[in-house]
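Chemist: Pasting the sequence and the predicted coordinates here, then a few questions.
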Amino acid sequence: MKNKDLYIYNSLSRKKEKFEPLNPPFVGLYVCGPTVYSPPHLGNVRTFLSFDIVNRYLLYLGYKVRYVRNITDVGHITNSEGEDIDRIGEQAKKENLEPMEIVQKYTLDFHEVTHIFNMLPPDIEPTATGHVVEQIEMVQRIIDNGYAYVKNYSVYFDIPKFVKDHSYGELSGQNIEEQLEGHRELDAQNEKQDARDFAIWKYADKTHPMRWNSPWGEGVPGWHLECSVMSTKYLGQKFDIHGGGMDLKFPHHECEIAQSIGADGSAPVRYWMHGNMLTMNGQKMSKSLGNSVLPRELITGDHDLLEQGYSPMSIRFFMLQAHYTSTLDLSNEALKAAEKGYKRLMEALKTLENLDLREAKSLSDADQKVNDSIDMAFAELNDDFNTPKALARLFELVTVINSYKDKREEYAGVSKATMERLQKDFRDLVIDILGLQEETAGEDGTMDGLMQLIIDIRQNARTNKDWTTSDLIRDKLNELELQLKDGKDGTTWTKL
RNA sequence: GGUCGCGUGGCCGAGCGGUUAGGCAGGGCUCUGCAAAAGCUCGUACAGCGGUUCAAAUCCGCUCGCGACCUCCA
């Protein structure tokens, strides 16, 4: 019986709350996806990985999850600082392509990256361009309710008007009055009545290839609008979980809330979850700061700040060693440590699966210990998806499993039932929930066969005390990054 | 200036009032033809200063340092 006593840290209440789905066994999960105008960097990967764990664990608990993650394929026009930047359009010019070619190219790239890191795909992956009609309708509803005004073919959300009837800024803890003070002065060409207002429909002239017709003229929908529209369209007016990076809390998520209330009278999200940032040398990794590392660079090691490449699963393990609400700093030393830890964990899994089940003499403390560690691992996950603590529990089990390997302890009196449970749950935790997978070359059986042959030949040499030959084989294999491990039961090998 | 968060042993990183986090690195031992792997084992810690408490890394206050958001950003 799975323990569904899950607690989630809700950014809105700033407390851990017991997770009770609105319509069990169904769970609606929405995560803000990427804007596809450039390859995703590692910071993006971390956020999507965090929610991959959420998705996986909810599935494991038996919920019927509908996981929606959007693709932002409209280059939103920013109007701060007098600039008009449409990132997708800009990139299209730079690469001499159509905007939709840019969108396609980087969407494919994004999918490839999520696949490399073994993330489960969302159940629905809606695009902003595919929901322009719905967005226009939502803008109209907001206007009809009096919370937006039209200015020069653009439509703005009217914050001062909105705050008369509703609260604004609750999620991010923004004080609406003070926020105004902190704002820069509205410049002359700014059409907004108030600095805090934001565009829900933005006029676009002929220089923007990507634009749509609307009751207010040609233009593009506001950035915040797409998430409001697509989340509620597929998950309902009110749904369970909405996630995204910490940096989207304000203004993006705050605006989403205001829009939904403005259009339909109610806040849509029950649990807000925010993943923290990945930092590099103590600073947030971001494209604009120029300190971003691309997944490919990290994997190949082709980056000035990297000493070597790291496998996707090592990177995944590295990220799982920190809680998703904490910042995580990327460094060579930490990555190397993670790489070794990951390999040890996977080795233990392999060892475990090759153990023969047998009836133990008697139940003992060891039995209890194994069951406790397993129970605790799940308890940690129930505590706001605490993957670092769950991993700590798994490593307790690694030690136990390794002690069985040489049969030194005759499974230390662990009962057959416990062993069966260990084999099943350990695998579920590592493979299904944490989403770690085997990385060993993945060839056909040839490699295994060859290695077994070499191991046999070397064993012959060893039996004849021909150390020269046996050491030669071992050392040469080492040069090929293949490691032999001599155990009580014979020799095994791994790729380094 | 406003909002929020962080500062833990050589490194990464949990913990959020009393009990071993864990990974990596380092020391010792066992096993081994030698080594590796594996097992056992050891060490060093909570930025600083006050306060609350029988008891504080954990709560409160101050100081110092760092970061995020307030503008596109996962």
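Modeler: Great, that's in hand.
Chemist: Next, the contact list for the residue of chain A found nearest RNA strand B, please.
Modeler: Closest residue of chain A to RNA strand B, Cβ to the nearest atom of the strand: A:G245 (1.6 Å). Yep, even glycine has a C-beta here, placed from its N, CA and C like the rest. Residues in contact with A:G245 (Cβ atoms under 8 Å, 6 or more residues apart in numbering) are A:C32, A:G43, A:T47, A:H274, A:G275, A:M277.
Chemist: Contacting RNA strand B as well, which ones from the residues you listed?
Modeler: If you filter the contacts of A:G245 for contact with RNA strand B, counting by Cβ under 7 Å from any atom of the strand, you are left with A:C32, A:G43, A:T47, A:G275, A:M277.
Chemist: Which one of those is nearest to A:I299?
Modeler: Proximity of the ones next to RNA strand B among the contacts of A:G245 to A:I299 (Cβ to Cβ) peaks at A:G43, which lies at 15.6 Å.
Chemist: what's the pLDDT at that closest one?
Modeler: At A:G43, the model reports a pLDDT of 94.
Chemist: Across the sheet, point out what pairs with the residue of chain A closest to RNA strand B.
Modeler: Counting by DSSP bridges, A:G245 forms beta bridges with A:G275.
Chemist: any idea how far A:I53 is from it?
Modeler: Going from A:G245 to A:I53 by Cβ to Cβ, to the nearest Å gives 15 Å.
Chemist: hmm, back to that, neighbour count added to the contacts of A:G245, as CSV?
Modeler: Converted to CSV, those look like this (neighbours: other Cβ atoms under 10 Å):
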residue, neighbour count
A:C32, 22
A:G43, 23
A:T47, 27
A:H274, 23
A:G275, 25
A:M277, 20
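Chemist: and A:F51, what helix or strand is that in?
Modeler: In this structure, A:F51 is located in helix A:42-60 according to DSSP states H and E.
Chemist: elements contacting that helix?
Modeler: If contacts are counted by 3 or more Cβ pairs under 8 Å, 6 or more residues apart in numbering; DSSP states H and E, helix A:42-60 sits against strand A:26-31, strand A:64-69, strand A:239-245, strand A:269-275, strand A:278-280, helix A:295-300, helix A:312-320.
Chemist: From the rest of the structure, what touches the second one?
Modeler: The reference is to strand A:64-69. Strand A:64-69 is contacted by residues A:25-33, A:48, A:51, A:55, A:58-59, A:120, A:122-126, A:230-231, A:234-235 when judged by Cβ under 8 Å, 6+ apart.
Chemist: The first one now?
Modeler: With Cβ under 8 Å, 6+ apart as the test, strand A:26-31 has contacts from A:21-22, A:47-48, A:51, A:54-55, A:58, A:63-70, A:122, A:227, A:230-231, A:234-236, A:239-244, A:269.
Chemist: and the helices and strands packed on helix A:42-60 as TSV, adding distance to A:A263 and mean pLDDT?
Modeler: Listed next are the helices and strands packed on helix A:42-60 as TSV, based on distance: least, Cβ to Cβ, whole Å; pLDDT from 0 to 100:
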stretch	distance to A:A263	mean pLDDT
strand A:26-31	17	97
strand A:64-69	19	98
strand A:239-245	15	96
strand A:269-275	14	96
strand A:278-280	34	91
helix A:295-300	37	93
helix A:312-320	36	96
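Chemist: Adding distance to A:E170 as columns, could you present the ones you listed in JSON lines?
Modeler: Putting the helices and strands packed on helix A:42-60 into JSON lines (distance: least, Cβ to Cβ, whole Å) gives the following:
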{"stretch": "strand A:26-31", "distance to A:E170": "19"}
{"stretch": "strand A:64-69", "distance to A:E170": "23"}
{"stretch": "strand A:239-245", "distance to A:E170": "14"}
{"stretch": "strand A:269-275", "distance to A:E170": "10"}
{"stretch": "strand A:278-280", "distance to A:E170": "27"}
{"stretch": "helix A:295-300", "distance to A:E170": "35"}
{"stretch": "helix A:312-320", "distance to A:E170": "30"}
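Chemist: Fine by me, thanks again.
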